[in-house]
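> Sequence and predicted structure, then a few things I'm wondering about:
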Amino acid sequence: QVQLVESGGGMVQSGESLRLSCEASGFTLDQYAIGWFRQVPGKEREGVAAMGGADDGRTYYAESVKGRFTIARDNAKNTVYLQMNSLKAEDTATYSCGATKRSVYRLWVFNEYEYWGQGTQVTVSS
């Protein structure tokens, strides 16, 4: 059974850091493109950071997080991380990871991904 489980969310002050984890079970993550997305009520899901699959070395970062967020894959742990530094109040959202083995052109588009975790809440207070 394919499953993605996010963890690491929480409540922090502006300027602090969090590291989100997206752990996969039922499949090997290194063959998949992985995207981190975030959503706040009333707004569309936004692509935050993503990385291509085994034969795709691309990474993507939304302009709003460039220089602050880093996506990284640990194949030994079958986990993808999102390191979030210098957090801002506007980063407050529910963060979810998506995965797909299909070829992905638009890493930042949520419906390119087949599998999703349940999400983890990040709240940044100013």
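Here it is on my side, so go on. On a predicted model such as this, the values are computed, not experimentally measured, just so you know.
> Next, the contact list for residue 69, please.
Contact partners of residue 69, counting by C-beta atoms under 8 Å, 6 or more residues apart in numbering, are 48-49, 61, 82-85. Just so you know, the C-beta spots here come from the backbone N, C-alpha and C atoms, and that holds for glycine as well.
> ok, of these, which come out buried?
Buried members of the contacts of residue 69, scored by 16 or more other C-beta atoms under 10 Å, are 48-49, 61, 82, 84.
> quick one, helices of the chain?
With DSSP state H, there are no helices along the chain.
> Geometric centre of it: which residue is closest?
The centre of the chain sits closest to residue 36, judged by C-alpha atoms, centre = their mean, with a distance of 2.0 Å.
> Who are the contact partners of it?
20, 22, 47-50, 71, 80, 82, 95-97.
> my guess is residue 102 meets residue 112, correct?
Yes: the pair residue 102 / residue 112 is scored as a contact, 7.5 Å apart, by C-beta atoms under 8 Å.
> show me what contacts the closest residue to residue 37 other than its chain neighbours?
Nearest non-adjacent residue to residue 37, counting by C-beta to C-beta, 6 or more residues apart in numbering: residue 45, 4.9 Å away. Going by C-beta under 8 Å, 6+ apart, residue 45 touches 37-39, 96, 110.
> quick check, nearest of those to residue 14?
Of all the contacts of residue 45, residue 14 sits closest to residue 38, with 16.5 Å by C-beta to C-beta.
> need the contact list for the nearest residue to that closest one once chain neighbours are set aside.
Leaving out its chain neighbours, the residue that sits closest to residue 38 by C-beta to C-beta, 6+ apart is residue 93, at 3.7 Å. Shown here is residue 93, whose contacts under the criterion C-beta under 8 Å, 6+ apart are 38-40, 46, 121-122.
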